[in-house]
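J.: Fold the following, please.
(chains A and B)
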Amino acid sequence: MTISPISLAFEKSKKEKRPALLTYTVAGDNTKKKSLEILNSISNYADICELGFPHNTPIADGGQIQTASYRSIKNGIKMIDVFQIVKEFKKNKKTKPIILMGYYNMICQYGQSKFLKKCKQVGVNGLIVVDLPWPENKKFSKKCKKKSISFIQLLSPTTSKQRMKKIIKDSHDMCYYISMLSVTGGKLKISPKEILKKYNKIKKINKKKNYVIGFGITENTISKLKSADGLVIGSAICKEITKSLKKKQNPVTNVSKMVLRLKKKIL
Amino acid sequence: MKIKKNIPLIDQHDKNGFWGKFGGNFIPETLKKPIEDLTILFEKLRKDKKFLQERDYYFKNWVGSPTPFVKLENLTAHLGGAQIWTKVVSEANGGAHKIYNATVHSLIAKRAGKKYIVGDTGAGYAGKMLSMAAKKFGLKCKIFMGAKDIKRQKPNCDAMRKNGAEIVPVYTGSQTLVDAVSECMRYWVSNCLTTSMCVGSTVGPNIFVKICGWSTSQISRELMLQIKDEFGEIPKKLKLINCVGGGSSSFGFWNEFMHYNKKQVEFIGVEAGGPKKSKRHAAPLTYGSKIGILHGAAQYVNQNTDGQIEETESISAGLDYPGVSPLHCFLKDVKRARYTAATDEEALKAYQLVTEHENLNPSLEPSHAFAEAIKIAPKLSDDTIIIVNSCGDAQKDRDILRQRIGK
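T.: Sure thing, here's the model as predicted:
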């Protein structure tokens, strides 16, 4: 069996003795063209790129990602455009893993099988579905596996150890640990030390899996968490885009610079 | 799919929380545990005699049950045809049926040892009642409300503040109920260890549908006795008409009559058709919206082909919601209930006619139900009994009514 691009990305960063850097941007933010440019540019520094397909009723996202999503939807982005962005991106960056992230209704309306077929076709490597928890996601995650797409399970501080074990058992090559009780982009309520303490307990359950930490990570906190397998920056990037647009600056350059700074902090 | 006898409808879901294709728990991982905890606690409490006594005590002595059941003699004489009766649920403490769910959630929150309770609101009744119940039971309360609704339902906002609740205005999306529910859920994700959440209607993840339906069923428990008292038996031709937004009052109004043949006891749900000239509406059942996921549950919901939730439009803030309870989707699919819609204009007209003939002041939500009653009554025989749930009082609508009909 061939190793998935996601696993390869983790292997590479482990060899370099650093966590993998994962970025999250919203497809179509602020336009289809710009979001592709941003993706192309930040993928020079990011190891894995998460791309959100925006939903207008996001029950787990904070202000920054909501703003980015509304911006994108307002500009007319459709699911079909999201796939096109991935396709274009993969033309130049074939090996760079892409993870699509979003809400289940969008997948249902597209049609589960049709959605996965399209993912495979354009080169999507993984999926995060925010509102499809375990065990409800068992069937869907199996379907993903059949298409060699990683279904990424989420773990939270409220997840019991027993439940964690079961979720991790059903997980593919990566799990996502939510750092704290919050929607995306909240201020870190607990210290990085405490986050890592919980994280290490999870890691012990099955050391072979890759676990990333996300929610609330910024330029100020990222270096303190660098013992993790991977770290996700989302809201901070969306915020940078918002700021750039307000100042009438080019979000592509500003966001790229930011991601480079983040990368340097975890080396 | 069929309704099973001898089991409450709220319990007729599968192990994943689905009533047929509807309901379930489409929630972020963080909420799995708090929802599981709430489920275990509720299932325990509903079998706990002490808890039931406590509920009944507050329903009777604080909410003021039973609410009156009266014949609308003048309206019946004016229209001719079927007899029109009403259950004046707006006589409950606070002025609407939302008090039942708010009371039960607050009692549960106390048992769970929570100090804070949060809730969403559209018309402001769910928020007002939750603020009342929170005050009564010593909980700190936050209410999430769309900025548009805050403007158009000022009297209820004033009441919430008076009860010491904090109103959190929601500026995202359409700035109405749908956004308020989203924001409230987001708040709960961040604060679930210390805070209880009360979803204001029979919507949301499975357990919230159940708790709300269980609470509002008080309405039909009372009505069953009142009908037997009045007629000696359940009339041969009975029609129970109720407005449907999220669906909490209608479900509660119908629940005890669920197992009657629909030829004897017909359920008619009236959704908000929106302005006559607008394409927008809040009537997913009537206009055949596709099944989708909103606020943690599968349901018929207004959405575009991509799955983005569509904006709604209705004069009635309480019905202005793009989705509808999974219970109602189920009742529609098994054909136990019939659903239709009334436009803004029809609701206003009904309000005028009812208030002209009767000493009753139904809010814009039940005015939608009255519109249907007014439409069908003249065509029916005088041994047909129509009962409309007058589930809210129009005091909150005074600004809109003044503007639209000079009242």
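
J.: Output the contacting helices and strands for the helix-or-strand element of chain A with minimal mean pLDDT.
T.: In chain A, no helix or strand scores lower on mean pLDDT, DSSP states H and E than helix A:63-74, which sits at a mean of 94. Using 3 or more CB pairs under 8 Å, 6 or more residues apart in numbering or on different chains; DSSP states H and E, the elements in contact with helix A:63-74 are strand A:20-26, strand A:48-52, helix A:235-246. Yep, even glycine has a C-beta here, placed from its N, CA and C like the rest.

J.: ok, residues contacting the longest one?
T.: Defining contact as CB atoms under 8 Å, 6 or more residues apart in numbering or on different chains, one finds that helix A:235-246 is touched by A:23-26, A:29-30, A:38, A:42, A:62, A:64-65, A:67-68, A:184-185, A:216-219, A:250-251, A:254-255, A:258-259.

J.: what do you get for the shortest one?
T.: Outside strand A:48-52, the residues within contact range by CB under 8 Å, 6+ apart are A:6, A:9, A:20-27, A:39, A:42-43, A:65, A:68-69, A:82, A:85-86, A:89, A:96-102, A:126, A:128, A:230, A:232, A:234.

J.: tell me the mean pLDDT for that strand?
T.: If you average the pLDDT over strand A:48-52, you get 98.

J.: Flag every buried residue along it.
T.: A:I48, A:C49, A:E50, A:L51, A:G52 (16 or more other CB atoms under 10 Å in any protein chain shown).

J.: How about the last one?
T.: Of the residues in helix A:235-246, those buried by neighbour count under the rule 16+ other CB under 10 Å are A:S235, A:A236, A:I237, A:C238, A:K239, A:E240, A:I241, A:T242, A:S244, A:L245.

J.: Can you tell me which of those is nearest chain B?
T.: Comparing the buried residues of helix A:235-246 against chain B with CB to the nearest CB places A:S235 closest, at 13.1 Å.

J.: Give me the nearest residue to B:T39, chain neighbours excluded.
T.: B:I207 (4.7 Å; CB to CB, 6 or more residues apart in numbering or on different chains).

J.: can I assume that neighbour sits in a helix?
T.: Yes - B:I207 forms part of a helix when assessed by DSSP: H, G, I helix; E, B strand; the rest coil.

J.: Need the pLDDT of it.
T.: The model's pLDDT for B:I207 equals 98.

J.: give me the number of residues near it?
T.: Counted with other CB atoms under 10 Å in any protein chain shown, residues neighbouring B:I207 total 23.

J.: Next: B:R398.
T.: 13.

J.: how deep is A:G28 tucked in, by neighbour count?
T.: 28.

J.: How about B:D383?
T.: Counted with other CB under 10 Å, B:D383 comes out at 10.

J.: List the buried residues for the longest helix seen in chain B?
T.: Counting residues, the longest helix found in chain B (DSSP state H) is helix B:29-45. Under the neighbour-count criterion of 16+ other CB under 10 Å, helix B:29-45 has B:E29, B:T30, B:L31, B:K32, B:K33, B:P34, B:I35, B:L38, B:T39, B:F42, B:L45 buried.

J.: Turn those into a markdown table, including distance to B:N74 and pLDDT.
T.: A markdown table is the format used below for those (distance: CB to CB, whole Å; pLDDT from 0 to 100):
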| residue | distance to B:N74 | pLDDT |
| --- | --- | --- |
| B:E29 | 57 | 97 |
| B:T30 | 55 | 96 |
| B:L31 | 50 | 96 |
| B:K32 | 54 | 97 |
| B:K33 | 55 | 96 |
| B:P34 | 50 | 96 |
| B:I35 | 48 | 97 |
| B:L38 | 46 | 98 |
| B:T39 | 47 | 98 |
| B:F42 | 43 | 98 |
| B:L45 | 44 | 98 |
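
J.: coming back round to it: could you dump the buried residues of helix A:235-246 into CSV with pLDDT and distance to A:D173 added?
T.: Below are these laid out as CSV (pLDDT from 0 to 100; distance: CB to CB, whole Å):
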residue, pLDDT, distance to A:D173
A:S235, 96, 25
A:A236, 96, 25
A:I237, 97, 24
A:C238, 96, 26
A:K239, 96, 29
A:E240, 97, 29
A:I241, 97, 29
A:T242, 96, 33
A:S244, 97, 34
A:L245, 96, 35
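
J.: quick revisit: output the buried residues of strand A:48-52 in TSV, with distance to B:G318 appended to each entry.
T.: Putting the buried residues of strand A:48-52 into TSV (distance: CB to CB, whole Å) gives the following:
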residue	distance to B:G318
A:I48	45
A:C49	43
A:E50	39
A:L51	38
A:G52	33
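
J.: Mind picking the one among those that's closest to A:Q153?
T.: When the buried residues of strand A:48-52 are ranked by distance to A:Q153 (CB to CB), A:E50 comes first, at 14.7 Å.

J.: distance of that closest one from A:K187?
T.: 21 Å (CB to CB, to the nearest Å).

J.: Now do the contacts for A:K198.
T.: So A:K198 contacts A:P157, A:Y177 (CB under 8 Å, 6+ apart).

J.: how about the strands in the chain?
T.: This is for chain A. Under the criterion DSSP state E, strands of chain A are mapped to A:20-26, A:48-52, A:98-102, A:126-129, A:150-151, A:153-155, A:174-178, A:210-214, A:230-233.

J.: try chain B instead
T.: Using DSSP E, strands in chain B cover B:18-19, B:22-23, B:69-71, B:83-87, B:116-121, B:140-146, B:166-170, B:195-198, B:238-243, B:265-274, B:291-294, B:297-300, B:337-343, B:385-389.

J.: Could you export those strands as TSV, including mean pLDDT, distance to A:L154 and mean neighbour count?
T.: Below are those laid out as TSV (pLDDT from 0 to 100; distance: least, CB to CB, whole Å; neighbours: other CB atoms under 10 Å in any protein chain shown):
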stretch	mean pLDDT	distance to A:L154	mean neighbour count
strand B:18-19	98	22	24
strand B:22-23	98	22	26
strand B:69-71	98	50	16
strand B:83-87	98	45	25
strand B:116-121	97	23	27
strand B:140-146	97	24	26
strand B:166-170	97	25	18
strand B:195-198	98	20	26
strand B:238-243	98	38	26
strand B:265-274	98	35	26
strand B:291-294	98	17	23
strand B:297-300	98	19	28
strand B:337-343	98	37	23
strand B:385-389	98	41	28
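
J.: In JSON lines, list the ones you listed along with distance to B:G318.
T.: As requested, the strands of chain B are exported to JSON lines (distance: least, CB to CB, whole Å):
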{"stretch": "strand B:18-19", "distance to B:G318": "23"}
{"stretch": "strand B:22-23", "distance to B:G318": "21"}
{"stretch": "strand B:69-71", "distance to B:G318": "22"}
{"stretch": "strand B:83-87", "distance to B:G318": "17"}
{"stretch": "strand B:116-121", "distance to B:G318": "9"}
{"stretch": "strand B:140-146", "distance to B:G318": "12"}
{"stretch": "strand B:166-170", "distance to B:G318": "16"}
{"stretch": "strand B:195-198", "distance to B:G318": "16"}
{"stretch": "strand B:238-243", "distance to B:G318": "8"}
{"stretch": "strand B:265-274", "distance to B:G318": "9"}
{"stretch": "strand B:291-294", "distance to B:G318": "17"}
{"stretch": "strand B:297-300", "distance to B:G318": "18"}
{"stretch": "strand B:337-343", "distance to B:G318": "14"}
{"stretch": "strand B:385-389", "distance to B:G318": "13"}
